[in-house]
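**Q** Could you work out the structure for the sequence below:
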Amino acid sequence: MTALSLKPARLAALGRSELTLLVRNRAALSVALLLPLVMVFVLRSTLTGPQDAAALGEATLTGGIGMVLVLVVYMNLVSAYVARREELVLKRLRTGEARDLEILAGTALPATVLALGQIAVLVAAGAAALDVRLPRNPPLVLAAVLAGILLLAGLSALTSSFTRNVESAGITTLPLFLLTALGSGLFLPVDALPDALVPVCELLPLSGVMTLVRAGWSGGAQGGDLLAAGLTTLAWAGITVFAVQRWFRWEPRR
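**A** Predicted coordinates for the structure are as follows:
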């Protein structure tokens, strides 16, 4: 990737073309749009005990934000990058005026918009259905979500480099999905894990993002914890940018 500047017009054009392809896949789009509401109402039917409802609802909404990021941004974009590569779309775009970063960002734009919309629906519906208070620090939650989108978009580009075809994307994305779901505190608090695993889980790619999301929602986090979470996220972002620049594949695998 040779330049870091983005041309809004080209980025919008690439995003529109990618959005058209996404809309045509009605099955995937329907599942993605319904996911937040389904998560909220399924949880509502399983909550018991008024003294635990607020805590469980808040944990579900913050975990739901993480699930949206992983499912909509990461897993969806791996398939998108692989499909565009195998169809020679990326190769053709690269021979034109669009820069490498614009091509990658344009492909990620629809998933980004969809994820932000889902999270907004998740927060609003969850607050109404589960009687959960709104975030105490909305700017911190938004910053954490945007950081998560950027990080997972990069990780999806990296994962696509060793994904042979769209059919195998479900396999290559599974390790990060499981590690994040189990180790980054999406639904199970990190503190509930064995003590030996906690320091390792805190260093997982999405752990810093989820720490910031929870801190922005509930407040009360220590400055040191926020700093550590931010540094972990920045470190993974730097590693991901380096890896994508070195190993991302623009042409079909042979």
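**Q** Can you name the residues that contact residue 218?
**A** 58, 136 (C-beta atoms under 8 Å, 6 or more residues apart in numbering). C-beta coordinates here come from the backbone N, C-alpha and C atoms, glycine included.
**Q** and the gap between it and residue 181?
**A** The gap separating residue 218 from residue 181 is 20 Å, by C-beta to C-beta, to the nearest Å.
**Q** go on, residue 133?
**A** Distance from residue 133 to residue 181, by C-beta to C-beta: 25 Å.
**Q** Those two: which is more packed in?
**A** A count of neighbours by other C-beta atoms under 10 Å puts residue 181 above the other of residue 133 and residue 181, at 17 against 11.
**Q** wait, that one sits on residue 187?
**A** Yes - using C-beta atoms under 8 Å, residue 181 makes contact with residue 187 at a distance of 7.2 Å.
**Q** Pretty sure residue 67 sits against residue 186.
**A** Yes - look at residue 67 against residue 186 with C-beta under 8 Å: they come within range, at 6.1 Å.
**Q** Pick out whichever of those two has more residues nearby.
**A** residue 186 (23 against 20).
**Q** Helices of the stretch 151-254 of the chain, start to end?
**A** Assigned by DSSP state H, counting those that start in this stretch, the stretch 151-254 of the chain shows helices spanning 169-172, 174-183, 198-201, 207-218, 223-247.
**Q** Next: the stretch 1-150 of the chain.
**A** 8-24, 26-46, 50-68, 76-86, 89-94, 100-130, 138-161.
**Q** What average pLDDT does the last one get?
**A** Yep, that's helix 138-161 we're talking about. In this model, helix 138-161 carries a mean pLDDT of 95.
**Q** The longest one too?
**A** Across helix 100-130, the average pLDDT comes to 85.
**Q** and it with helix 50-68, angle?
**A** 160 degrees (axes from the mean of the first three to the mean of the last three C-alpha atoms, to 10 degrees).
**Q** what does the fourth one give?
**A** Angular relation of helix 76-86 and helix 50-68 on a 0 to 180 degree scale: 10 degrees, by the same axes, to 10 degrees.
**Q** Quick one: list the elements packing against helix 76-86.
**A** In terms of contacts (3 or more C-beta pairs under 8 Å, 6 or more residues apart in numbering; DSSP states H and E), helix 76-86 is packed against helix 89-94, helix 100-130, helix 138-161, helix 169-172.
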